[in-house]
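S.K.: Okay, sequence plus prediction incoming.
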Amino acid sequence: MFRFTTGDRADLYGAVLRAFGAANERLETALGLDEVRARLRTVGWLDAITDEALHEALRTLQGWNLLDVVQNHTENYRTAEEYERRNLQYSLTRQGEAALAGVEHALTVLTATGALQTAVLEAIADRLDELYVLLGEPASADRRIFSTLQELEGHLEALLDNTKAFNGELQRLLRAEGADPGVFREVKAATVAYLREFLVNLDRRGAGVAVALARVEERGVGVLHERALRGAELPPVAGEDPAAAWLERRRARWAGLRAWFLPTDGSPPRVEQLHDVARRAILSLLQVLDRITESRRRSSSAVQDFRELARWFAAAPTEDDLHRLWALAFGLGSARHPHLAHPDPELIPASRSWAAAPPVEVSALLRTSGRTERFTRTGRVRDIAATKAARAERARRERAELQAAWQALTTDGSVRLSDFGELDPAAFARLLDLLGRALSSRPDSTGTRRAVSADGGVEILLRSASDDRQARLRTSNGVLSGPDYIVRISDVDTAAGPAAHPSTGLEEAAG
């Protein structure tokens, strides 16, 4: 099917097939000899070609079952030459269409770079939410369900293709060697920034798609596919009913969607694997960048130094030269203790050679730091009573300030956030910390969020109000505006009873 891509006339064969593909885009299914010649110019073939050569190319493609030829019986021909030129009509066969599509897809893959697009994840979640709404409305159009399902599968296919292409480029980038260090460093630094931006909120987006997928499955995937099949309005064909094959493709696509976001076999979702691949790539790229930066700081790398030293060793003429080279290369130079002497030099006769004299004791500290050991009186123990008293006083003061801040924030039941009014900076900072901890926690079935302070001594219960009131908290540093939440702040010991039913007080305050 792809024999037209090889040989001396591969360019002509490819141009002819592209000419038929361009005609198909204009809904022209059959072309005569003159029409093929005219279409060749539109696809970039500008070389002169005789009728015999064009006929031979068309017959060759017909022999490969890429073109089909029929006779045009609807025309009136005035001469035999006109009959010969306009009677035969050529068109692409199914195999020819597949071969042309395969070559175009291969060229697209060669030029594509791939991308990690968080917008695709959001689009998948949006289409799933739309399908959930449409399935819940019996009066919704089946055509709308079909078009939404097609969009969902298109986004999933784009996610798979872009991810595979980007991962391939990423692995080739990690293995790349011999490139210009400056350009190489810029590309890798940009890739690290790109991966870090993609990983922001990736877990949340993947979890959102999984939740939307589970909601659609509660309405029934079989019902979804059956209604989409009715909305597809497949044309009748001779032989086997195309509905079975269509439904099988939809089930396979849905299984692929589940494998990415909500697998049933207990394995981790593939979107999490993508998260791990991106993090490992960031670490590898940062390590390579560190090596490049380190090599720029040095005049030569350690590998080059050892290779040059090995060449010097290989060229050394004698063994004594090898020893001298070893001493120079690895710091075995002259001793740094000629100034040392024996504890009692008078016991060593002046006539005795230094080689026969007993050795002088050398401190290990001299070799490591260049200094000899000195033994003096033991230093006086410093009196730290004043330091301990100052630290104890500072600790008591900090505890008192903390206790005062918690007392200012502790509420008698549930109150509005705006009831705090004006706070000092210390109490305001503690309140912000509690609010941040509460808002980052998951609400329970009643919508109440619960959190405790860092020391575990204070508990906050927070719930959104039914109205849209805004709270304004004033401090000496400025004013903070935000939603007027219903909060309840108390000590953990005293909150043990009411915390068992946290929604009661909050609902009363909301009322």
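M.R.: Good, I have the coordinates. Note that the structure is predicted; figures quoted are calculated from it, not measured.

S.K.: Could you count how many residues lie near the nearest residue to Arg3 once chain neighbours are set aside?
M.R.: Closest residue to Arg3 apart from its sequence neighbours, by CB to CB, 6 or more residues apart in numbering: Trp64 at 5.8 Å. No exception for glycine: its C-beta is placed from N, CA and C like everyone else's. If you count neighbours by other CB atoms under 10 Å, Trp64 ends up with 17.

S.K.: cool, Phe146 as well?
M.R.: Using other CB under 10 Å: Phe146 sits among 19 other residues.

S.K.: quick one, phi/psi of it?
M.R.: When quoted as degrees, to the nearest 10, the phi and psi of Phe146 stand at phi -60, psi -50.

S.K.: contacting residues for it?
M.R.: By CB atoms under 8 Å, 6 or more residues apart in numbering, the contact set of Phe146 is 227-232.

S.K.: tell me the pLDDT at it?
M.R.: Looking at Phe146, its pLDDT stands at 90.

S.K.: what about the nearest residue to it once chain neighbours are set aside, distance to Arg144?
M.R.: Spatial nearest neighbour of Phe146, excluding adjacent residues (CB to CB, 6+ apart): Gly231 at 3.2 Å. Note on Gly231: its distance to Arg144, by CB to CB, to the nearest Å, is 7 Å.

S.K.: quick one: the helices in the stretch 351-500 of the chain?
M.R.: Here the stretch 351-500 of the chain has its helices, by DSSP state H, counting those that start in this stretch, at 364-369, 385-409, 425-439.

S.K.: Now for Leu462: which residues touch it?
M.R.: With the criterion set at CB under 8 Å, 6+ apart, Leu462 makes contact with 435, 438-439, 448-451, 485-488.

S.K.: 6 Å - rerun?
M.R.: 438, 449, 485, 487 (CB atoms under 6 Å, 6 or more residues apart in numbering).

S.K.: right, and out of these, which lies closest to Asp412?
M.R.: Using CB to CB, the shortest approach to Asp412 within these belongs to Val487, at 12.2 Å.

S.K.: For that closest one, which residues count as its bridge partners?
M.R.: Val415, Leu462 (DSSP bridges).

S.K.: Make 15 the first number, not 1, from now on.
M.R.: Yep, numbering from 15; the last one is Val501 now.

S.K.: Ala292 and Leu209: what is the separation?
M.R.: Taking CB to CB, one finds Ala292 at 5 Å from Leu209.

S.K.: now do Pro283
M.R.: Taking CB to CB, one finds Pro283 at 19 Å from Leu209.

S.K.: and what of Asp438?
M.R.: For Asp438, the distance to Leu209 - CB to CB - is 44 Å.

S.K.: Looking at the two, which one has more neighbours?
M.R.: The neighbour comparison of Asp438 against Leu209 (other CB under 10 Å) goes to Leu209, with 18 against 13.

S.K.: and that one, what element?
M.R.: helix 195-213 (DSSP states H and E).

S.K.: And the strands in the stretch 115-264 of the chain?
M.R.: With DSSP state E, counting those that start in this stretch, there are no strands along the stretch 115-264 of the chain.

S.K.: what about the helices in it?
M.R.: Under DSSP H, counting those that start in this stretch, the stretch 115-264 of the chain gives helices at 132-150, 156-189, 195-213, 216-233, 235-246, 256-275.

S.K.: and the end-to-end length of stretch 374-394?
M.R.: With CA to CA, to the nearest Å as the measure, stretch 374-394 spans 33 Å from end to end.

S.K.: my bad, should have said stretch 272-290
M.R.: Using CA to CA, the two ends of stretch 272-290 sit 19 Å apart.

S.K.: what is the mean pLDDT for that stretch?
M.R.: Stretch 272-290 comes out at a mean pLDDT of 81.

S.K.: Then stretch 28-35?
M.R.: On average, stretch 28-35 scores 82.

S.K.: I'd like to know which of the helices of the stretch 115-264 of the chain is closest to Thr20.
M.R.: Each of those has some distance to Thr20 by CB to CB; the shortest is helix 156-189, at 25.5 Å.

S.K.: Could I get the buried residue list for the closest one?
M.R.: Within helix 156-189, the residues that qualify as buried are 156, 158-160, 162-163, 165-167, 169-170, 173, 176-177, 180-181, 184, 187, counting by 16 or more other CB atoms under 10 Å.

S.K.: what angle do that helix and helix 216-233 make?
M.R.: 150 degrees (axes from the mean of the first three to the mean of the last three CA atoms, to 10 degrees).

S.K.: how far out from the middle of the chain is helix 156-189?
M.R.: 14 Å (CA atoms, centre = their mean, to the nearest Å).

S.K.: What sits closest to Val493 if chain neighbours are left out?
M.R.: Using CB to CB, 6+ apart, the closest residue to Val493 is Arg486 (5.7 Å).

S.K.: Can you pull the poorly scored residue ranges out of the stretch 65-214 of the chain?
M.R.: For the stretch 65-214 of the chain, the stretches with pLDDT under 70 are 85-101, 122-129, 187-199, 202.

S.K.: ok, now which residue in this structure is the farthest from the centroid?
M.R.: What lies farthest from the middle of the chain is Ser365; by CA atoms, centre = their mean that is 80.3 Å.

S.K.: Quickly note the distance from that residue to Ala371.
M.R.: Distance from Ser365 to Ala371, by CB to CB: 11 Å.

S.K.: And the helix or strand where Glu70 lies, what's buried?
M.R.: Element membership for Glu70, per DSSP H and E: helix 65-77. By 16+ other CB under 10 Å, the buried positions in helix 65-77 come out as 68, 71-72, 74-75.

S.K.: How about stretch 105-124?
M.R.: Quick answer for stretch 105-124 (16+ other CB under 10 Å): 105-106, 110-111, 113-114, 117.

S.K.: Give me the subset of those residues that lies in helices.
M.R.: 110-111, 113-114, 117 (DSSP state H).

S.K.: Return the member of those nearest to Leu213.
M.R.: Taking these together and measuring to Leu213 by CB to CB, the closest member is Val117, at 36.4 Å.
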